[in-house]
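Participant: Would you be able to build a 3D model of this:
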Amino acid sequence: MKTALLVIDVQNEYFASANGKFDQFNVDNVAQNIASHIQAANAQGQLVIGVQHIMPADYPLFAKGSHGAALHDSVAALLADKPLVQKAHADSFLNTNLIDILQENGIEQVDICGIMTQNCVTHTALSPFAKDYQIRVLSTLCTAPTELIHQIALGALQDRDWIEVV
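Facilitator: Predicted coordinates for the structure are as follows:
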């Protein structure tokens, strides 16, 4: 099965260490683990796709052109030559070119990782546009504002028989 790794919103805004405005639980460790997984996916010949949340320049988070909206150093170089989907919604499929990228590459399975578990990760996994793909959420490669919120979101996803939480 041809698999793509979708790396959602590993952006400076989520890292206190990068002067972000919305620090997440254990985010530095999760980001390093995501970086390692990107390298492994590359070695296996998987398609890796970056996702970046971008809002208007006057928005308080992820403002276009801001330091907070930029990809975090942990993944920026690894994603530099990969397809990059820019989105303005929690759902990475909604009003983006993600489906086109997946179809052009014959992808059947999408492995999802990134930030925030309860928002962009779950909304992407639950997207009506995701129904044509085998969806796996890589639970240890996601994070949320707190560990409890992360676990609650993963529990809610496990109730869906068409999404695999690994």
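Participant: Buried residues, the longest strand belonging to the chain. List them.
Facilitator: Counting residues, the longest strand found in the chain (DSSP state E) is strand 134-143. Of all the residues in strand 134-143, those buried under the rule 16 or more other CB atoms under 10 Å are 135-139, 141-143. C-beta here means a position set from N, CA and C on the backbone, and glycine is covered the same way.
Participant: can you put these in CSV and add distance to Val75 and pLDDT?
Facilitator: Putting the buried residues of strand 134-143 into CSV (distance: CB to CB, whole Å; pLDDT from 0 to 100) gives the following:
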residue, distance to Val75, pLDDT
Ile135, 21, 98
Arg136, 19, 98
Val137, 18, 98
Leu138, 14, 98
Ser139, 18, 98
Leu141, 11, 98
Cys142, 14, 98
Thr143, 13, 98
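Participant: give me phi/psi at the residue lying farthest from the centre of the chain?
Facilitator: Most distant from the centre of the chain: Asp58, at 23.5 Å, with distances by CA atoms, centre = their mean. Dihedral angles of Asp58 (phi, psi; degrees, to the nearest 10) stand at phi -100, psi 10.
Participant: Tell me the bridge partners for the spatially most central residue of the chain.
Facilitator: Closest to where the C-alpha atoms of the chain average out (CA atoms, centre = their mean) is Ile8, at 1.5 Å. Bridge pairing for Ile8 (DSSP bridges) gives the partners Val51, Gly114.
Participant: Look up how far Val75 lies from it.
Facilitator: 11 Å (CB to CB, to the nearest Å).
Participant: mind listing what Val85 touches?
Facilitator: By CB atoms under 8 Å, 6 or more residues apart in numbering, the residues touching Val85 are 49-52, 92, 96-98, 101.
Participant: Do me a favour and average the pLDDT over the longest helix anywhere in the chain.
Facilitator: Assignment by DSSP state H gives helix 27-43 as the longest helix of the chain. For helix 27-43, mean pLDDT rounds to 98.
Participant: ok, back up a step: per-residue pLDDT of the residue nearest to the centre of the chain, please?
Facilitator: For Ile8, the pLDDT comes out at 99.
Participant: out of the contacts of Val85, which is most surrounded?
Facilitator: Among those, Ser92 has the most neighbours (other CB atoms under 10 Å), with 28 neighbours.
Participant: out of everything not next to it in sequence, what's closest to that residue?
Facilitator: By the measure of CB to CB, 6 or more residues apart in numbering, the closest residue to Ser92 outside its immediate chain neighbours is Thr124, 4.2 Å from it.
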